[in-house]
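Asks: For reference, the sequence and a predicted model appear below.
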Amino acid sequence: MGQFLEYLKISIKSILDNKMRSILTMFGIIIGIGSVIMIVSVGNGVKGSISGQLDSAFGGQTYITAGKIQGMAITEVYPEAAITPEEIDAIRESFPHIKTLSMEEAGYGKAYSLKGEKTAYYYAVNETYESQKPQGYVAGRYFTDEEYESASPVCVLNYNSARNLFGHTDVVGQTFNFELDGVSRELRVVGVRDRSDSELYNLTYMEDEVEFEMPYTLYRQISGDDDASFLQVLFMSDSVKDAEDTVRKIIVYLEAKKNLRGQEKINYISFTSYLDSIMKIVNYITIFIAFVAAISLGVGGVGVMNIMLVSVTERTREIGIRKALGARTSSIIIQFLAEAALLTFLGGIFGLLFGYLGGELICFIISKVAGMEIVAQINALTVFLITAFSTAIGIFFGIYPARKAAKLSPIEALRQE
């Protein structure tokens with residue numbers, strides 16, 4: 001331990017005796033480590049923000065599909081496995097823990113109010129669809145089971161759509177005309193959803209577009225659609241723990257009812273799968289950029305090697321004296337490796353600080369520009385690995401200068417002026 005402290009004292013003295021040179025040597029390490037930390041912390045912050053906002057907007061959603069699923073895509077559909085409204089009702093009666101089980105017929109029409117004509121994007125659903133969006137209401141309520149069964153001409157607008165259509169959100173009881181394929185119906189607003197906490201979700205709304213939900217039974221009257229079956233239905237469980245087990249049981253139930261056992265024509269895909277894929281892509285991008293930034297560490301390591309070679313040349317006589325006094329080759333090697341490691345360790349510490357502060361600044365700027373909260377994130381393991389890596393770089397690039405110093409002949413070294 002005493003010998004190690006002696007090497008450390010010698011290394012510190014050498015660094016302090018050549019302050020400017022040492023700072024410039026550490027600069028490459030600081031930039032390299034700082035860049036990696038900055039990229040990782042910003043990447044983690046963006047990933048956490050996207051994950052949180054998407055989960056708050058779409059978390060728990062699962063689609064039961066009459067089709068073949070490969071990866072995240074539906075590669076083939078099976079009309080014979082399509083799900084009917086009667087089967088949806090039967091499933092709701094037979095299975096517990098179902099919060100949402102709804103068809104989701106969607107498309108474009110036109111909406112007319114005192115503010116003129118608007119493009120209207122409709123969702124034809126049942127009353128359980130209310131749970132699909134977690135935000136509450138600024139006014140009113142969702143349509144009821146009775147209104148669904150009787151095909152009442154009612155609808156629920158979102159916050160932005162109410163403003164686009166009427167200029168304000170206090171519109172419960174007001175009406176507008178909805179036109180689909182030349183057929184027009186007057187719809188009464190029974191509820192206005194509040195804005196979502198997710199900025200990503202709010203950004204999907206177009207400024208001059210109206211979006212609303214109406215009973216599927218009403219949609220069938222307006223459209224005259226006789227094909228009451230669906231290749232995809234939305235499922236959400238009131239228990240996250242039991243969600244996957246419940247959806248598997250529903251699929252078994254449907255396969256038995258349709259005599260499709262063992263044919264794998266009914267499958268499911270969950271929002272969690274989508275989110276995992278998105279996070280993988282973000283991870284790959286972060287790792288790639290961090291790897292590119294880490295190349296600068298190699299440049300910093302070469303700088304350390306260069307300075308250590310200069311140090312060996314400057315201290316040739318000192319090395320000769322130590323060897324003449326009996327210093328072992330291993331002692332000379334350890335002395336110069338300790339100095340190189342200390343340089344890169346200090347560079348790593350300052351690099352960590354530089355990278356974290358830089359990450360915080362970048363996240364602050366992105367948050368202001370994108371309108372959503374992003375916080376730089378870095379964990380203790382990453383800090384430890386980066387610090388250890390920077391020290392290892394010093395040792396690696398210090399090996400050659402240290403060996404060169406250790407191999408000097410005492411006689412030749414003492415001759416140097």
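Replies: Right, received. Where do you want to start? Residues are numbered from 1 along each chain as shown.
Asks: going forward, measure contacts and count neighbours with C-alpha atoms only.
Replies: Will do.
Asks: Extract the residue ranges of the stretch 51-200 of the chain that are flagged as low pLDDT.
Replies: In the predicted model, the stretch 51-200 of the chain carries pLDDT under 70 at residues 51-60, 71-73, 134, 196-200.
Asks: And the helices in this protein?
Replies: Listed in chain order, the helices of the chain (DSSP state H) span 2-17, 19-58, 85-94, 145-149, 159-166, 199-202, 216-223, 243-257, 271-314, 316-324, 329-370, 380-406, 410-415.
Asks: so which of those helices gets nearest residue 180?
Replies: Ranking the helices of the chain by proximity to residue 180 (C-alpha to C-alpha) places helix 216-223 first, at 6.9 Å.
Asks: returning to what we had before: export the helices of the chain to a markdown table and append columns for distance to residue 173 and mean neighbour count.
Replies: Shown next, in a markdown table, are the helices of the chain (distance: least, C-alpha to C-alpha, whole Å; neighbours: other C-alpha atoms under 10 Å):
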| stretch | distance to residue 173 | mean neighbour count |
| --- | --- | --- |
| helix 2-17 | 78 | 14 |
| helix 19-58 | 27 | 22 |
| helix 85-94 | 28 | 14 |
| helix 145-149 | 15 | 15 |
| helix 159-166 | 12 | 22 |
| helix 199-202 | 24 | 16 |
| helix 216-223 | 18 | 18 |
| helix 243-257 | 37 | 16 |
| helix 271-314 | 34 | 17 |
| helix 316-324 | 93 | 19 |
| helix 329-370 | 35 | 21 |
| helix 380-406 | 56 | 19 |
| helix 410-415 | 98 | 15 |
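Asks: Quickly, which of those helices bottoms out on average pLDDT?
Replies: Ranked by mean pLDDT, the helices of the chain end with helix 199-202 at the bottom, a mean of 52.
Asks: quick one on the thing from earlier: who wins for proximity to residue 68 among the helices of the chain?
Replies: Evaluated with C-alpha to C-alpha, the helices of the chain place helix 243-257 nearest to residue 68, the distance being 13.3 Å.
Asks: list the helices and strands the closest one packs on?
Replies: Helices and strands touching helix 243-257, by 3 or more C-alpha pairs under 8 Å, 6 or more residues apart in numbering; DSSP states H and E, are strand 232-237.
Asks: what sits against the residue nearest in space to the middle of the chain?
Replies: Nearest residue to the geometric centre of the chain (C-alpha atoms, centre = their mean): residue 47, 2.5 Å. If a contact means C-alpha atoms under 8 Å, 6 or more residues apart in numbering, then residue 47 has 279, 282 as its contacts.
Asks: Let me know the distance separating it from residue 223.
Replies: Distance, residue 47 to residue 223, by C-alpha to C-alpha, to the nearest Å: 42 Å.
Asks: now do residue 305
Replies: In this structure, residue 305 lies at 76 Å from residue 223, with C-alpha to C-alpha as the measure.
Asks: same question, residue 125
Replies: 14 Å.
Asks: Would you agree residue 177 is in contact with residue 186?
Replies: Yes: applying C-alpha atoms under 8 Å, one finds residue 177 in contact with residue 186, separated by 4.4 Å.
Asks: Domain ranges for the chain, per the record?
Replies: Residue ranges for the structural domains of the chain, counted by automatic domain parsing, are given in the record as 2-55+276-415, 105-229.
Asks: would CSV of those domains with distance to residue 89 be doable?
Replies: As requested, those are arranged in CSV below (distance: least, C-alpha to C-alpha, whole Å):
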stretch, distance to residue 89
domain 2-55+276-415, 27
domain 105-229, 10
